[in-house]
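[1] build me a model from this:
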Amino acid sequence: MKKKKALTAVSIFSAAVLLAGCSGGEKSVYVDVTELSKDTLRSSIATSGLVESKNTSKVYSASELKIETVNVEVGDTVKKGDILASLNTESVNEQILQLQDEIDRNGVSAGYSITEAEEAYSKALKEYNDGENREIINAKNNLDSAKEALAKAQEKYDDALNIKNSDKDSQLRSAESALETAKLDLEYAEKNLADAKANLETPDLSSLEMLDEAVKAAEKVYDNAVKVNRYGYEEIDGDSQVDTAISITEAKKKLDEAQKKYDDAKEKLIKTLEDAVSLAEKNVTLCKKSVKNAENSVSDVKSGNELQLSEYEDAVTAAKKNLEIAENTYNYTVKSVENQLETLRINAEKARVLSGNSGYEFRMDQLKKKLDEALVEAPADGVVTAVYAVEGSYANGLLFVIEDMNKLKVTSAVKEFDIIGIEEGQDVIIKSGALGSDIEYDGVVTKVSPVTQKGPDGSTVENGSYGVEVSVSDEDTQLLIGMSAKLSIITEEREDVFSVRYDMLAEDEDGNDIIYAAEKNGEEYTVKTIPVTLGMETDSMVEISGEGLTEGMLIIENTNKVSDGMTVKLRGQDSGSESEG
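    The predicted structure follows:
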């Protein structure tokens with residue numbers, strides 16, 4: 001098996017650059033250039049395997065009867081319960097008639113009382129078939145919980161990983177911008193709070209002027225009524241005579257009403273101002289939290305969330321281990337329950353034989369059971385991929401193989417050099433030579449064997465292979481069971497990044513990584529040095545990042561022939577001066 005790394009990182013167009021020397025009389029040198037663009041950089045392991053069904057049902061029979069008819073052929077589609085074959089039951093029917101005659105002759109009672117052992121078996125079997133066995137239910141619930149916990153842990157890890165792998169500069173700018181906005185919001189909220197407190201301390205009562213005037217007028221009327229303290233007219237305070245028909249009681253009532261309206265309005269105003277202060281205080285608290293969160297976000301981006309990512313990764317590892325334990329427990333529980341059922345069945349049959357009637361009922365049930373087994377049914381939906389049943393031969397052994405053609409997997413054997421880079425959950429691109437290179441399907445690694453294949457004697461084989469299972473994600477495919485498949489297991493992937501070939505890299509005097517770009521300058525181009533930071537690497541490409549990189553810029557390939565500041569011309573721009581470089 002050969003390790004292969006695929007990539008699609010740059011759009012290369014066939015062009016070359018004419019490099020002119022510093023002096024006008026020097027020869028021009030031609031070099032190729034590449035147009036830089038963002039794409040997906042991918043590293044993968046290439047291997048091959050065999051297409052198989054995820055769900056395979058093998059139909060066996062242990063009957064001593066002969067096969068009378070075979071109803072299906074290889075390639076037939078069947079449903080669960082379809083009759084695949086029927087067995088010859090003449091001998092069984094004859095035995096039933098003979099046994100019944102013997103029962104009749106001996107006057108054996110047709111009545112039969114079920115034993116405790118049979119009752120226990122019947123109850124346990126019903127619980128098992130109806131999915132009501134408590135042990136299995138508990139084990140299944142634990143398994144489902146473990147699967148859910150792993151899914152949540154994986155989601156959190158993937159989210160943290162996406163943040164870590166995203167453009168850190170862009171993330172930092174976004175986080176710092178959010179922090180600046182949060183600080184401005186806090187400053188505005190604190191100013192609103194100060195204004196609200198000032199308004200509460202010295203409230204503006206101008207809106208109560210009319211009510212205040214009403215109180216003053218009512219006070220004047222009340223004072224006049226008190227002075228006169230009688231009905232009629234009289235000169236008061238040097239004014240002309242006034243109507244004093246209003247009693248003191250009525251004047252006091254009107255004064256109290258006016259005062260209450262004023263007091264109520266003032267209380268409402270104060271309450272409004274207090275609510276404004278409370279709301280402003282809450283807003284300041286929220287803004288402070290926003291600033292704190294924004295500061296944490298900036299800190300997280302700068303630190304790269306390494307600690308958090310490690311914690312999430314540990315959580316995924318623990319969840320996988322718990323899932324493995326839950327799966328083993330569930331499988332063990334199911335097997336244990338089935339073993340218990342078999343023990344109960346044997347005990348029931350023994351009890352039935354020993355319970356009376358000299359075993360007639362037991363023998364009759366055994367014969368009827370043979371009749372029931374004379375019709376060989378399909379245990380599941382699928383396609384018949386193998387037929388071993390032959391009419392006239394005994395139905396003993398493997399008769400049919402039924403496989404689900406819509407749910408496929410590819411099994412592969414991987415050498416030790418590559419197996420360390422393969423993990424469950426990795427994406428896979430699946431192709432088949434029989435379908436052509438343009439057809440491909442998605443898949444995912446579902447199983448990686450922790451040990452090499454064993455020899456016939458059970459010993460470990462030197463330089464052996466490790467089994468890998470890949471689930472085909474697409475159900476509607478042209479893949480057929482038994483086809484050979486080519487697998488590209490994606491071990492690392494970076495989306496929306498710049499990348500170049502290794503030969504396009506250079507180093508400056510200080511040993512820092514750089515590339516050379518050709519920048520247009522009038523009718524010519526000028527070589528410009530751009531510092532870059534290296535990222536993910538494949539066999540032939542390397543990811544680059546840096547502030548000076550832009551989509552579509554021309555990257556010079558022949559780095560050994562250029563230097564910063566040289567003048568460049570595109571090939572064909574001045575064909576009369578072209579020469580080999």
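[2] ok, N88 - contacts?
    For N88, the contacting residues are L65, K66, I67, E68, A374, by C-beta atoms under 8 Å, 6 or more residues apart in numbering. The C-beta positions use only the backbone N, C-alpha and C, and glycine is treated the same way.
[3] how about A117?
    L344, N347, A348, K350, A351, R352.
[4] looking at those residues, state which has the most neighbours.
    A348 (22 neighbours; other C-beta atoms under 10 Å).
[5] tell me which element it falls in.
    helix 306-354 (DSSP states H and E).
[6] could you pull up the mean pLDDT of that helix?
    Model confidence over helix 306-354, given as mean pLDDT, is 81.
[7] who does it touch, helix- and strand-wise?
    helix 116-129, helix 134-165, helix 360-372 (3 or more C-beta pairs under 8 Å, 6 or more residues apart in numbering; DSSP states H and E).
[8] out of these, flag the one nearest E295.
    The closest of the helices and strands packed on helix 306-354 to E295 is helix 134-165. By C-beta to C-beta, the value is 16.7 Å.
[9] same question for that closest one: list its buried residues.
    136, 139-140, 142-143, 146, 149-150, 153-154, 156-157, 160, 163-164 (16 or more other C-beta atoms under 10 Å).
[10] stretch 185-198 too?
    Of the residues in stretch 185-198, those buried (16+ other C-beta under 10 Å) are D185, L186, A189, N192, L193, A196.
[11] which residues of this structure score low on pLDDT?
    The model of the chain has pLDDT under 70 over residues 1-31, 106-115, 161-170, 229-246, 303-309, 352-362, 455-458, 461-462, 570-581.
[12] which single helix of it contains the most residues?
    If you go by DSSP state H, the chain has its longest helix at helix 248-303.
[13] tell me the helices and strands packed up against that helix.
    Packing contacts for helix 248-303, counted by 3+ C-beta pairs under 8 Å, 6+ apart, involve helix 168-201, helix 209-228.
[14] want to try TSV for those helices, with distance to K454 as columns?
    Output for those, formatted as TSV (distance: least, C-beta to C-beta, whole Å):
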stretch	distance to K454
helix 168-201	47
helix 209-228	99
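[15] what's the closest of those to V468?
    When the helices and strands packed on helix 248-303 are compared (using C-beta to C-beta), the closest one is helix 168-201, at 33.9 Å.
[16] what comes into contact with stretch 45-55?
    Everything outside stretch 45-55 that qualifies as a contact, by C-beta under 8 Å, 6+ apart, is 1-4, 380, 382, 385, 403-405, 407-414, 418, 421-422, 432, 468, 470-472, 479-489, 491.
[17] longest strand anywhere in this structure?
    Secondary structure assigned by DSSP state E gives strand 484-501 as the longest strand of the chain.
[18] buried residues in that strand?
    Neighbour counts using 16+ other C-beta under 10 Å place 485-491, 493-494, 497-501 of strand 484-501 among the buried residues.
[19] with just CA atoms, put it into PDB.
    What follows is strand 484-501 as a C-alpha-only set of coordinates in PDB (Å, rounded to 0.1, in the frame of the first residue of the first chain):
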ATOM      1  CA  SER A 484     -12.700  -3.800  -5.200                       C
ATOM      2  CA  ALA A 485     -12.600  -0.200  -3.900                       C
ATOM      3  CA  LYS A 486      -9.900   2.500  -3.600                       C
ATOM      4  CA  LEU A 487      -9.900   4.400  -0.400                       C
ATOM      5  CA  SER A 488      -8.500   7.800   0.400                       C
ATOM      6  CA  ILE A 489      -8.600   8.200   4.200                       C
ATOM      7  CA  ILE A 490      -8.400  11.900   5.100                       C
ATOM      8  CA  THR A 491      -6.000  12.200   8.000                       C
ATOM      9  CA  GLU A 492      -5.800  16.000   8.000                       C
ATOM     10  CA  GLU A 493      -7.600  18.800   6.200                       C
ATOM     11  CA  ARG A 494      -7.400  22.600   6.100                       C
ATOM     12  CA  GLU A 495     -10.100  24.600   4.300                       C
ATOM     13  CA  ASP A 496      -9.900  28.000   2.700                       C
ATOM     14  CA  VAL A 497      -6.100  28.400   3.000                       C
ATOM     15  CA  PHE A 498      -3.200  29.500   0.800                       C
ATOM     16  CA  SER A 499      -0.500  26.900  -0.100                       C
ATOM     17  CA  VAL A 500       2.400  26.600  -2.400                       C
ATOM     18  CA  ARG A 501       4.900  24.000  -3.500                       C
END
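[20] give the partner strands of that strand in its sheet and their orientations.
    Strand pairing for strand 484-501, determined by DSSP bridges: strand 39-53 (antiparallel), strand 427-431 (antiparallel), strand 541-545 (antiparallel).
[21] contacts for the second one next, please.
    Counting by C-beta under 8 Å, 6+ apart, strand 427-431 makes contact with 44, 410, 437, 439-445, 470, 472, 479, 485-490, 493, all of which sit outside it.
[22] can you do 7 Å?
    410, 437, 439-445, 470, 472, 485-490 (C-beta atoms under 7 Å, 6 or more residues apart in numbering).
[23] buried stuff in it?
    D427, V428, I429, I430, K431.
[24] closest to E35 among those?
    I429 (26.1 Å).
[25] for the residue nearest to S91 when sequence neighbours are not counted, give me its contacts.
    Excluding the flanking residues, the one nearest S91 by C-beta to C-beta, 6 or more residues apart in numbering is L65, at 7.3 Å. Contacts for L65 (C-beta under 7 Å, 6+ apart) come out as L87, N88, T89, A374, A395.
[26] for stretch 529-542, buried residues please.
    T529, I530, V532, M536, T538, M541, V542.
[27] any idea which of those residues is closest to K370?
    Taking C-beta to C-beta as the measure, T538 is the one of the buried residues of stretch 529-542 closest to K370, at 64.5 Å.
[28] quick check: the closest one touching T40?
    No - when contacts are counted by C-beta atoms under 7 Å, T538 is not listed as touching T40 (11.4 Å).
[29] that older thread, where neighbours are concerned, which of the contacts of N88 has the most?
    These, ranked by neighbours (other C-beta under 10 Å): first place I67, 22 neighbours.
[30] name the strands paired with the helix or strand harbouring that one and say parallel or antiparallel.
    Assessed by DSSP H and E, I67 sits inside strand 56-70. Strand pairing for strand 56-70, determined by DSSP bridges: strand 83-87 (antiparallel), strand 394-403 (antiparallel).
[31] quick revisit: how about the contacts of L65, which pair is most distant?
    Spatial extent of these (C-beta to C-beta) is set by the pair T89 and A395 at 11.3 Å.
[32] out of those two, which sits in the more crowded spot?
    A395 (23 against 20).
[33] what's near enough to touch the more buried one?
    S61, S63, L65, K66, I67, L87, A389.
[34] over to S484?
    S484 makes contact with S48, L50, S432, G433, according to C-beta under 7 Å, 6+ apart.
[35] ranking by neighbours, what's the top pick from those residues?
    S432 (21 neighbours).
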